[in-house]
Structures are given as structure tokens and as C-alpha cells.
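Peer 1: Pasting a predicted model and its sequence here:
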Amino acid sequence: VSPSRTETPQITDVTVFAGSSLTDAFARAGDDFTKTNTRVRFIFNFGSSSTLATQITNGAPADVFASADEANMQKVLDAGLAKSPRTFASNELQIAVPTGNPKRIAGLADLARPDIVLVLAAPTVPAGKYALEALAKAGVTARPVSQEVDVRAVLNKVSLGEADAGIVYVTDVRSAAARVAGVAIPDQQQVVARYPIAVVKGAKDPQLAGQFIDYLTSPEGQKILAGFGFSRP
Amino acid sequence: MSSERPPALLAALAIVGVAFFILPLAGLLARAPWQSALGELTTPEALTALRLSFVISLAATALALLLGVPLAWIYARVPFRGRDLIRALTTLPMILPPVVGGVALLFAFGRRGLFGQALDAIGIRLPFTTFGAILAATFVAMPLLVLTVEAGLRSMDRRYEDAARTLGAGRWIVFRRVTLPLIAPSVFAGAVLCWARALGEFGATITFAGNLPGTTQTLPLAVYIALETRPEVAIMLSVVLLAVSLAILVAMRDRYLRAF
Amino acid sequence: MSSERPPALLAALAIVGVAFFILPLAGLLARAPWQSALGELTTPEALTALRLSFVISLAATALALLLGVPLAWIYARVPFRGRDLIRALTTLPMILPPVVGGVALLFAFGRRGLFGQALDAIGIRLPFTTFGAILAATFVAMPLLVLTVEAGLRSMDRRYEDAARTLGAGRWIVFRRVTLPLIAPSVFAGAVLCWARALGEFGATITFAGNLPGTTQTLPLAVYIALETRPEVAIMLSVVLLAVSLAILVAMRDRYLRAF
Amino acid sequence: MLRAQIAVRLGTLDLDVAIDVAAGEIVAVLGPNGAGKTTFLRALSGLVPLDAGRVTLDEVVFDDVSTGIHLAPERRPIGVVFQDYLLFPHLSALENVAFGLRARGASTKNARAAAESWLDRLDLGPYKEARPRALSGGQAQRVALARALATEPRLLLLDEPLAALDASARGAVRRDLRRHLASFDGIRIVITHDPLEAVALADRLVILESGRVVQTGSPAEVTRRPRSRYVADLVGVNLFRGIATAGHVALRGGAAIQSADGVDGEVFATVHPRAVALHRARPEGSPRNVWRGHASALDFQGDRVRVGIEGEMPIVAEVTPAAVRELDLAEGGEVWVSVKATEISVYPA
Amino acid sequence: MLRAQIAVRLGTLDLDVAIDVAAGEIVAVLGPNGAGKTTFLRALSGLVPLDAGRVTLDEVVFDDVSTGIHLAPERRPIGVVFQDYLLFPHLSALENVAFGLRARGASTKNARAAAESWLDRLDLGPYKEARPRALSGGQAQRVALARALATEPRLLLLDEPLAALDASARGAVRRDLRRHLASFDGIRIVITHDPLEAVALADRLVILESGRVVQTGSPAEVTRRPRSRYVADLVGVNLFRGIATAGHVALRGGAAIQSADGVDGEVFATVHPRAVALHRARPEGSPRNVWRGHASALDFQGDRVRVGIEGEMPIVAEVTPAAVRELDLAEGGEVWVSVKATEISVYPA
Ligand SMILES: Nc1ncnc2c1ncn2[C@@H]1O[C@H](COP(=O)(O)OP(=O)(O)OP(=O)(O)O)[C@@H](O)[C@H]1O
Ligand SMILES: Nc1ncnc2c1ncn2[C@@H]1O[C@H](COP(=O)(O)OP(=O)(O)OP(=O)(O)O)[C@@H](O)[C@H]1O
Ligand SMILES: [Mg+2]
Ligand SMILES: [Mg+2]
């Protein structure tokens, strides 16, 4: 350590493992947080929530874990590597259609039309499971041509015109607004995904990590998240 | 002559090399949840995915052999302007992140693709079909075959081809009866590499062909999806994939790799 | 002798082969959002990722050469019990879906892994370091080199080695001054394949080494993350990756592929 | 009838050869290492492109650089035995021999039968199924010969086809070759280093040196009147060059000899080593050419010894081992040399 | 001193050879194709493992199967010229020759200098930088020779080292080899098919047939008393085997001949073709051996013709072309044969 380092205020690294759908929102939130906490530098490790959970249970040096679903957070809790997670955001479903909605899809019921090429996420991934629940609530039996591995793949198929419709999160439609349009799903058919966050055991500065979680759930944090399409917890 | 004691340094490096491969595989086996997840493996879905994996990877290898061996021959034998560029282009699908490769395939052969629009017009759709999955696997795996075969062609003694021609063999007979047998070890190595890559292929397939059980859901896709929610099942599926592949690789032995 | 007119069938197949590679790449270029996303490419993050990609892929290739060439030599030359099995094991990392490969690496070299615990005890941590990313790339890419080099070794005329030994050259000199130069085209082809695969590597890296900008975030990882929210940036990043790789591949030309 | 005008540049070689070969003729091509013999043969086969020239066989144009005609090697009715055999390593001896027949459209069965009979004829019966790797050098060469003969070519090109054959097989194979020649009117061009072979096998010799034909003619002509040091060495005679005036030949080196032949002007002169007599003291009597020298090299060849003599006129003498003992010859020892004028043959250069 | 007992089985070959070679001796190994000569040489080099036997050179044990000793080829002080040269294709001629010196620890500079002088000595000056691909067959063989000689081995193994050399170079290289031999006491074993070469070069001949030594001795001994058809063919004499009783030799085929030699029991009998006289009618006078036959093959060899005679006692005669004309000899024609008893040499089998 060079002597000059001691003159500037000590910088603390906070390593945040977060689901990749949070990439842009957390980058913005991190910037905002460091405006008031200049001693903090964020290191983000974005990836699929399951990869992150596997990394953490195998000893990865994470301070904070923000999962895009509750199951992967549960794995970390089960391994005794985190306690008392807090839900800091939630997400709702929307039907994604190509810009201009050429097939004139108005709601879930249209997804059963034979002229519609429909893609969903696989039933084992959260978005797919929620989509099936929503379709069930609407009493619709749909036949997807593909059960995509994740929401992004669903969105890709729609934005490239390979599929006429897919069921994704509101945040996804928002981030791809240039290429797809969203068709809202009414509240009675809606399914809500929850995003839990927790401090990981062994964090270098658990207090600072906790402050970031507090910030996310604070009004300022929620405002930034809302800007990317997330709903309140 | 056929057996040899290796130089010590070589042997030491080789042992490190083997260990580097074996340790992770051992880790996988050690941590695999044998009891709890064994039941998942014999589900019809897993078996279908396994079968589909082999169908698709073998078909991709066949297609790569059909197109790739001629391509390698041209690269090795016919000097033409821009050959270096074209050869380099052929290597790029390996460098392209597979998911982007899938996007590129959609741009070319998708419903709105450069070439796909024409196909769509005559009622041929490639995405979301088994054939689409084969194309995706071929796209990422064929470069391996092309480069390996080209190296083989370049290091063979071409005077055997001269001798064959003075015996009245036209180019095609020379190719089939002299060139191909002489580079058999390289073709075989290239085919194994290509098959292995196609078998493990996932990113381009999911993007171009989607993931529909029984049609395009290969075992790596099933693994990937399982990883999301039930990693222990994913690991067990991978172990199955490895076990079957291992059996095949061992069965083939070094029969075709053997020189004369 | 060096130039040749190809048989018609070969030429036709080769053209289909080239088209199959070029169409998707053309699609990618045609649809790339040149204007809107151009600015994203010169961000420090993108440049860092690009640089890191080359550092990691080249280091992985060097490591693969160091360990893989000896391994190939042993496979080709030293018959021992279980050789077929070990060779097959070496091929498996290609078949393993890369994400599972990353998990396997964590099981082996992670802080709680079979071997990683010992490493951790002496203060060496591999996951989430650049060296870890190199290891992940080597793990998936080295099999390509091993198999290609083995094929080269098997098709070379071993009597040149005999001749060298009667001239007083020990095994090591024979290896370095006769064997290696004679199989240079195969070694080169294997290294190119290995480098390309390492450059495109993504699944094992993100799992084993994480996605830390400046340390382990290679361009493919940046592409993956960008695909989530800004696909046009992802595509532009891929195009940059391709352009740079293409330049390198063309620059190397077929110099080292050339036979004597 | 083969008419070949061939010009090829390759590395340090500048080959420029024109020869015509009549139907049924056997031509032996001789020349020092690197003269371009193999390259000439590859050019005839169509494996090396011509820089200039024209090759036709019985009205069929093989090559014509001026009109851009180039017949592919596989369409030429030729058979080639390569200097290093080039047997296909992945095929058995039998399959190697059958290859040409198969390539020219014979059924597998017929091709195999014909190949078997060729192998039997060349005493290779037990090696039919052997791979080239498991053949000895001579066996490989015989398989290569069978392979080239099997397609019954109109033009057979042999690059030292008997070099690796053992002495007993060589005679038999040579007779076979001759017999085979008699049975049809194909042309054979044989490259060989063995002058005996050339003389025994060929109707005509072509001597190639540094890419040029320096002499051509029947074996007897070439043997009698060598026109270059290489040919003289080949034939085993002493060759001199000089200017003759009424039997007196002024040699290039400065010495002079007397001959009984009456040729004037630029001439070659040859002396057979047997005609060179050696003496311990200056000999008296009839020989017109007498001079002194030093024995420089003694080469024992069975019942004869070749003695190189250095001096104002270097020459090789052939004497019996007994004579060597009598003369007490040793390398460097002084010796008197005499040659009768009638033993010196002189002809225009 | 080399002591070699070698037993190797390889494919159809069953090699079992024991020879001792004294320091400084040159041994020529002759034998038909496939006799096992190359395999013998590879076994001496350590490239083929022995099934049984022991090889020592000057007290150094190369191989001893009973005690499991096997000295690696690179640790044997040997030089080998391979039948197909095996020049390293990626190295220039110069680098090929320097290879052995470098491998044995010489500096690059010294190795290159020594290699250059070897290449110059073998007239390869202009081809120093040429790759083997760009060398002619004979040039390649000379480079191989230089490569093997350059390391100054104690045991030099040459597999037909002069086969591809042209007639003029051959004499020079042969002399060089001999000279080089004189300069140190290494052992040379030369495989050759050329009996002249063997006689000129070697102190002792070893005749190998089907993996066994059938005869060994000085060139003169072997030439005078061949003990197998192969050797007889090599030397160019007629060989018969039979049982002698007081000058009467009952041959195996049923015929009989009279000889002047007084050996009894199982014998070989030889007749030089020159000693075989041919006649149009039954000859009168002294010859004790007279019989009738048919001319089966005429082989023109320069100024002599070899005529094969079929009949109750097949024999080869050597006559002048003039005699052929006089006798009006044609293949199949009837002819009378006579051999003087004094021309038949008989010795114990
Ligand atoms: N690797 C091998 N596998 C099987 N058989 C072999 C092998 N090497 C040699 N042989 C057999 O051993 C016999 C002797 O071969 P070798 O090369 O020693 O003969 P040679 O005396 O050198 O003949 P040539 O004069 O024709 O060169 C041959 O019949 C050959 O088929
Ligand atoms: N591919 C090539 N590249 C460069 N030079 C070559 C090539 N082929 C042959 N040469 C040169 O041409 C010359 C003649 O070669 P060629 O093989 O025709 O000789 P040759 O008369 O057959 O000799 P030999 O009796 O030794 O076989 C040689 O000096 C050789 O170096
Ligand atoms: Mg030649
Ligand atoms: Mg041999």
C-alpha cells in the first residue's frame, strides 16, 4: 500500500451479486448511492440468479445477493450464507408483441389463436411458471412453439419477428421499448414476481452492505427501480 | 518402434494436463446428488432429450463432413484471391458467442432473415424445428472440422496424388481413394471434435431453434433449464450426457486414428 | 502441382459450405445498428473487455500448448492401460455444457472444492480472478488442441524420428527438432481452434470466474449482459470482436499451415 | 511415336530437351545426379507444367504451350515407376497394383485377377496382402513396377526401376521387361545409372547433363565415341580433347599424343585403360606415346586394378593385381606410361 | 570389434544372424530382396527390438536380451544411411548434415562448418540451402551419406548407399568411403546389390538369404566357391549340386558331368559361362562333357551375349555377338553344348 493512499479517504469495495435483469437498474442505483457515500465502490457481478447462488454456495466473495426469484435466495439461506432477506422489488407480466402489434393481440385469450406463433419461458423457470399461472387464471390453453430458457430469449424471438407473441416481465418490455410493444394483462389474471435481497455471510463491511439494501427500499431507491419498470415490493 | 518412454518433462506436463481435466470431472461426480436425483434421469423427458441430442449432433457432424471436407480441400489446394479472408470468416463462428451466433442465424434464415424470407415464401421454416437445431449445431461445430482437415491435407505427401493420376485416376477418384484415406486420422479427429462440440452446443440452438421438448430440446438445453431451479438435476443430467459420450468415445478407440 | 482445379461436386459442396458461414455473418452486419450503437463501442468498459478477452484467450492458448502438446504426444506414442478411457475423458469438456463445466471447475478449484481447499489454505484463490478465467477458457478449449495435435502425430512418418535418434538425438531433441517441426501445421491449426474457442468462451467463465469488469468480464460476457437489455449493443460488440479476430486470422495467413 | 520438346525451369535446373522416340523403341536416359532426368519424366507425365514446348504421342497432343493445351496426367496412356516408388501406404500390394485398372474402369474382380497375375509374375505372391510398410525396399520397387505395367500403357516411364532389385531378380525382371516390350509397340523410357543396364535394355541412349542432351545414339555408338567426361567415365575410358593435325593431337592441357587415325581439326581422343601400359623404367620399343607420372589412386575391382596416373597427361590404367605387385606400385609412386598409337581412337568433336 | 547375435521375427521374416566384425573391417551384406538385410541393420541400430541375442561393440553392450539391456539408438556411436534416405523435410541439406553434430553437442557454428565441408566433399556445394524436396534422388542420397559420416561414428551402417548415385559420382564416393575408412578404425557394414561394389569395397562378404547367413568369406573366396544359387547368379557362374565319385559328378537333376578335380561326396560344381562352348553340330575332340539343348533366352550385354540353354542340364553360356550370328542362334533353336572337364570346379558342399 502506497503512502499516498492513506491521505485520500479509505475506499471500501462492496461486491453485489445480482440477477442480470437488474443490470441497468442497479448500475443507476449504485451511482446514486455513491453520490452520498463517496467511500464506497461497487463491484457488480451480474449473471443468472442460479449461477450466482451456485457461486455463493461455493465460496464466492459476495457482500450482497439480489436474486430475481425466491427459490435461488432460498438456496443461499439453506446453506446458511445469508439471513432475513428483504423483498425490494416486484415485477408484473405483460404480453410482448412486435412493434405495432401486427397480429392485433388484445389479451391472453388471443394467444390461443392458431395463427399466432407463441413462445413462453420454460415451465421450470420463474417467468414460464408465472406465465402458465396467468394463462390458467384466464382459462386459456396455449401451445407455445418453444419453451425458452429465460425471458430474454422470449423477448428476442418476439423482437426479431420469429414469434408473434410472448409473455415477459414489464421491465423487459420497458427495456426493449424500441423493438417490442407490451399488451397489458389485467390485475385479475396478473402474477407477481418478487425480488429478494440479503447481506451475504462473511461480507467485508456488513454494515455498508446493509445500507445499500436500506437505500434500495427507501423512496429514492424505489423511484429509480420504478423508472425501469419494477413495481413496489 | 510403436512404444516409447517419454522425456521426463513431457511426461510431467502431460500429467498436469490430464489432472486439469480429471479434477473437475471428479468434482462433478463427487458432488453429484446420486440418490436424490437418480429418479429424474429416467423420466421420459430426459430420455427424449438424450435421444434428440444424439440425433442432432450426429446429423450436424454428417452435414459438416459433407460440406466441410470439400471446403478444407479447396482451402488447402486451390489458391484464389481472398482465400485467407474466406478461411478466416469460416473460423469466426467459433469466436462468436453462441447466442449471438444464433441471432446471426436468425438474421440469415429466420422468418425475416436475408435468406429466410425466400424460404418462408416457399413454406420452409427452419427456426423451432429439429432441422433448425441441426443447422445451429453445424454452424458452431463445423469450423473445427474444416480447420483440422485442412491441416491434415497440408501435411500429407501430395506426390501420392501425382502417382494416382498417372495411373489414370481422375480428380474425384484421387480424392476418394487416395486423399481421403491418407488424411483419415485428421478427418476422424475433426469429426470427433465437431461431434463433441455439437453435442454440447446450447447457445446458438436455444436462440435459433428454441427449446421444445421432443423437437429441439437437447440435453444441454434441459441441463441449462434445470440449472435455473434444480441444479442437482442439471448435474445428474450432465453426468448422464458424459457417461454416454464417454462410452461412445471409448468404443471408437483409436481405430481410425491409427496410421498405416 | 500446387494449384489445382477442383472436381465439380467438391466445388459445389464447398460453395454451399462457405455460404452457410457467410450468410449469417452477412445478416449480422446488415442488421447491426451502426449509427445508434457506435458510441457504445468506445466506452472504456468495452475496450477493457476487449483487451481482457485477448489477454485471457492468448494465455489460455499458451497454457493449452504447454500442457496439451505433451498430452497429445503421450496419447499418440505411449500405449498404456486405460489410454482410450483417459483420452475420451479429455474430450468431455467439449461436450459438457459450458455452464456445467464452470460448476465442475468450482467443485474442483473453488474455495470449497476438492483441490481448492488446499489451494485456499496456502492463500491461492482462483475463482473470480483473471487466472481463473484463463483456467476456465483452457478447460473448454484445450481438448481441441489435444485432438488436433494427436491426429498430426499419428499421421506423421515416424521413421524420421528413428533417423534422428541414430544421429545421436535424445528423445527431447527429437521431439523439439524433428517431431514438432514436422507436425507444425497441426499444432498451428490446433492452436487457432483453441484460441478461437477460448475467445468466444462464456458459460464456464461466467460460472467459475464471475463477471467482474476489468478482471474477468471478457467481451462475450459483456455481450451476454448487454443482450439482456440492449441487444443492439450486444450485436455491435460482437461485430467488433469478429472484426478484430478476423484481422488477426487474416494476418497470420496460411504461413504456418504450409507444408515443406 | 513420341515427340517431345520440353523446357522447364525449376529451382537451379534449366531443362531444355527435345527427343523423338519411335514406336516400340526403348530409350535409356543417363546422366549425372541432378541433371534433370526425373524432372523430364515428370514433365512427360504432365505432373510438371512446361514453360515452353510441345509433347505428342501418336498424334495425341499431351502438351502444347503455344496453344495452351495440357492433357491431365490421368488422361495420358502412361505408366510411371517413380524413383521412390510412391506406393499408396493405405493399400495392400495387391490393391496398389489393381488401383490403375480400377481407375480405368475395370471391375473389382477383373482388376484383382490381373493384379494377382502381375504380382505372381514378379515373384511377389506371398506379399499380396502386405502393406508397403511391411515390404522390403526391393519388394516395394517390384510392386511399383507391377503397378505401372498393369495398366498396359502406351508410354512407360521408369525412373531407376531396377535400382533396389537384387542381382538375381534384376536379370529376371530385365528379361521380363524386354519380353513385355516385344509383345506390343509401346514406348519405354528408362532412367538408369547402370550403364550395363542401359546397354542391355535400350535401343538408344540419351545422355542428359545439366538439363541438356549432350549425346544420343545406339549403345555401341555412344560406347565407342563418348562426347563428355560423364559418358567416358560411364563407359570406363580415358577421354581427351584437342586439335589433331595428321595424327598429332595437341591436347588442351598442353601435352600431345600420337594417333594412327587420320582425322584433323577439333577432336576427341579415347584410350581404353586396358591399353595403357605401366613400366618401372622408361620402356624401349614401338609405343609412340611414352611419359612419366605418379600413381595417384589404386582401385581394386575383383581381378583388375584401376590405377589413376597424375602427370602432364592424367590417365587411368587397368592392370592385373599381379602387375601391381611386380611394379611395386603404391599411391604417389613414380611410374612410366606407354600407349600405342593404334590404341588411341580419334573422332571429330 | 562388433559381435552381433540377432534374432528378430517380423511379419513373414524370421531373422537369425550371428556375425563378428573386426575393428576396421568393411563387411558387405548381400542377399535377395526381403532377405532381412534392412531389418538386420535396424536391429544393430537399436530401432528394432531383438527377440533374442546380444550385440556388443568394443566391450560396450548394445543389446542383451537375457539381461534386458537395451542401449537407446541415440547412445550408440553409429551412423546410418537409410535405404530411403529419410532426410528431414523441414531442414536444408546443410541443417540435415549438421543435425547429428548439434545433437551430440557441437556449437551451431562448428556444426555448420563441419557440415559445409562434408557437403563440399560430396560435390553438394550449390545445394547447401536446398530442402530435400528440391533435391534429385542422387543428391538426396549424397546428403544422407554426408549426414551419417559427419558424426564420425565407430560403426557405420549403410543401406545401399550408392544405389542412386550416377556412375561417375559412384566411383569418387566409393574411393572417398575407402579413404575415410583408412583414416580411423571404425567398422562399416554396407548393404549392396551390386556385386562389383561389394567386391571393390568390402574385406568380407556376408550372404543373407531368408534371414540366415548362407555364406561368408573374402570376396575372392565367395566368388570362387559360391554356395547358393543367389551367389552363383551374383557372380555370374553356373552352379550345380551333386555327388562326386572320382571326378564323376552325379547331379541332382539326373544328369552327370566329368571334372578334373578330385573331391568326393556331396559337392558343388561351378562352370563359368565363358567356358561353355556352343556348336551347331555335335563337337568332336577332347571336351568330356557334351550334350544337346535349346537356346531359351538371349541376353545382349554390350560386347557379349548370355545364352540360356534348356535341356537335361540347364546352363548359361557366354559368347560373342559374332558367334551368335555364326551359330544362327535364335530362341528355341537347337544347339550342342560342350564343357572341358578342367573348366569345372568342384568343391565340398
Ligand atoms: N514392419 C514390418 N512388418 C511386417 N513385415 C516386415 C516389416 N519389416 C520388414 N518386414 C518383412 O521382412 C522381410 C525382410 O525385410 P527387409 O526390409 O529387412 O529386407 P531387405 O533384405 O532389406 O530387402 P531389400 O533388398 O529388398 O531392401 C520382408 O519380407 C518384409 O516383408
Ligand atoms: N521442386 C523443386 N524445386 C526446386 N528445385 C528442384 C525441384 N525439383 C528438382 N529440382 C532441381 O532440379 C535438379 C534436377 O532434379 P532431378 O530430380 O530432375 O534430377 P535427376 O536427373 O533425376 O537426378 P538423380 O539421378 O539424382 O535422380 C536438381 O538439382 C534439383 O535440385
Ligand atoms: Mg531422379
Ligand atoms: Mg532393404
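Peer 2: Done, it's in. Numbering: from 1, shown residues only, chains lettered A, B, ... in the order given. Ligands and ions are numbered 1, 2, ... in the order given.
Peer 1: Now for the residue lying closest to residue B:26 once chain neighbours are set aside, how many residues are close by?
Peer 2: Spatially, and ignoring its direct neighbours in sequence, residue B:26 is nearest to residue C:114 (6.5 Å; Cβ to Cβ, 6 or more residues apart in numbering or on different chains). C-beta coordinates here come from the backbone N, C-alpha and C atoms, glycine included. Other residues lying near residue C:114 total 16 when counted by other Cβ atoms under 10 Å in any protein chain shown.
Peer 1: And the pLDDT at residue C:114?
Peer 2: pLDDT, residue C:114: 83.
Peer 1: Which of the helices or strands spans it?
Peer 2: For residue C:114, there is no enclosing helix or strand under DSSP states H and E.
Peer 1: OK, contacts around it?
Peer 2: Neighbouring residues of residue C:114 by Cβ atoms under 8 Å, 6 or more residues apart in numbering or on different chains: B:23, B:26, B:27, B:30, C:107, C:108.
Peer 1: Does the spatially closest residue to residue A:185 that is not a sequence neighbour lie in a helix or a strand, and which?
Peer 2: With Cβ to Cβ, 6+ apart as the criterion, residue A:185 has its nearest non-adjacent residue at 5.4 Å, and that residue is residue A:93. Counting by DSSP H and E, the element that carries residue A:93 is strand A:86-98.
Peer 1: Who are the packing partners of that strand?
Peer 2: helix A:126-137, helix A:151-159, strand A:165-169, helix A:170-175, strand A:180-184, strand A:192-199, helix A:206-217, helix A:219-227 (3 or more Cβ pairs under 8 Å, 6 or more residues apart in numbering or on different chains; DSSP states H and E).
Peer 1: Tell me the predicted confidence for residue A:180.
Peer 2: At residue A:180, the pLDDT value in this model is 90.
Peer 1: Quick check: the gap between it and chain D.
Peer 2: As judged by Cβ to the nearest Cβ, to the nearest Å, residue A:180 and chain D stand 58 Å apart.
Peer 1: Close to chain C: what parts of the stretch 1-150 of chain D are there?
Peer 2: Listed as neighbours of chain C in the stretch 1-150 of chain D under the rule Cβ under 8 Å from any Cβ of the partner chain: D:47, D:48.
Peer 1: Can you show me the helices along the stretch 1-150 of chain D?
Peer 2: For the stretch 1-150 of chain D, helices defined by DSSP state H, counting those that start in this stretch occupy the ranges D:37-45, D:93-103, D:108-121, D:137-150.
Peer 1: so what's residue 199 closest to, chain neighbours aside?
Peer 2: Because you didn't say which chain, this covers chain A. Closest to residue A:199 by Cβ to Cβ, 6+ apart is residue A:209, at 4.5 Å.
Peer 1: could you do chain B instead?
Peer 2: residue B:57 (4.1 Å).
Peer 1: burial measure for the one you found, as a count.
Peer 2: Residue B:57: 28 surrounding residues under other Cβ under 10 Å.
Peer 1: quick one: low-confidence parts of chain A?
Peer 2: Low-confidence segments of chain A, defined by pLDDT under 70: A:1-9.
Peer 1: how many neighbours does the residue in the stretch 151-260 of chain B that ligand 2 sits nearest to have?
Peer 2: Taking Cβ to the nearest ligand atom, ligand 2 has its nearest neighbour within the stretch 151-260 of chain B at residue B:159, 10.6 Å off. By the criterion of other Cβ under 10 Å, residue B:159 has 15 neighbours.
Peer 1: what's the answer for the one 10 residues further on, then?
Peer 2: Neighbour count for residue B:169, taken as other Cβ under 10 Å: 23.
Peer 1: Near the residue nearest to residue A:199, how many other residues are there?
Peer 2: Quick note: residue A:209 (other Cβ under 10 Å) scores 24 neighbours.
Peer 1: Residue B:45 now?
Peer 2: So residue B:45, with other Cβ under 10 Å, has 12 neighbours.
Peer 1: Could you export the helix ranked longest in chain A as PDB, CA atoms only?
Peer 2: Counting residues, the longest helix in chain A under DSSP state H turns out to be helix A:23-36. Only the C-alpha atoms of helix A:23-36 are listed here, as PDB (Å, rounded to 0.1, in the frame of the first residue of the first chain):
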ATOM      1  CA  THR A  23     -28.200  -4.800 -14.600                       C
ATOM      2  CA  ASP A  24     -29.300  -1.300 -15.700                       C
ATOM      3  CA  ALA A  25     -31.300  -0.500 -12.600                       C
ATOM      4  CA  PHE A  26     -28.500  -1.400 -10.200                       C
ATOM      5  CA  ALA A  27     -25.900   0.400 -12.200                       C
ATOM      6  CA  ARG A  28     -28.100   3.600 -11.800                       C
ATOM      7  CA  ALA A  29     -28.800   2.900  -8.100                       C
ATOM      8  CA  GLY A  30     -25.200   2.300  -7.400                       C
ATOM      9  CA  ASP A  31     -24.200   5.600  -9.000                       C
ATOM     10  CA  ASP A  32     -26.900   7.400  -7.000                       C
ATOM     11  CA  PHE A  33     -25.800   5.700  -3.700                       C
ATOM     12  CA  THR A  34     -22.100   6.600  -4.200                       C
ATOM     13  CA  LYS A  35     -23.100  10.300  -4.500                       C
ATOM     14  CA  THR A  36     -23.800  10.300  -0.800                       C
END
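Peer 1: on that earlier part again, comparing the helices and strands packed on strand A:86-98, which comes out most buried?
Peer 2: Comparing those by mean neighbour count (mean count of other Cβ atoms under 10 Å in any protein chain shown), strand A:165-169 ranks first with a mean of 29.
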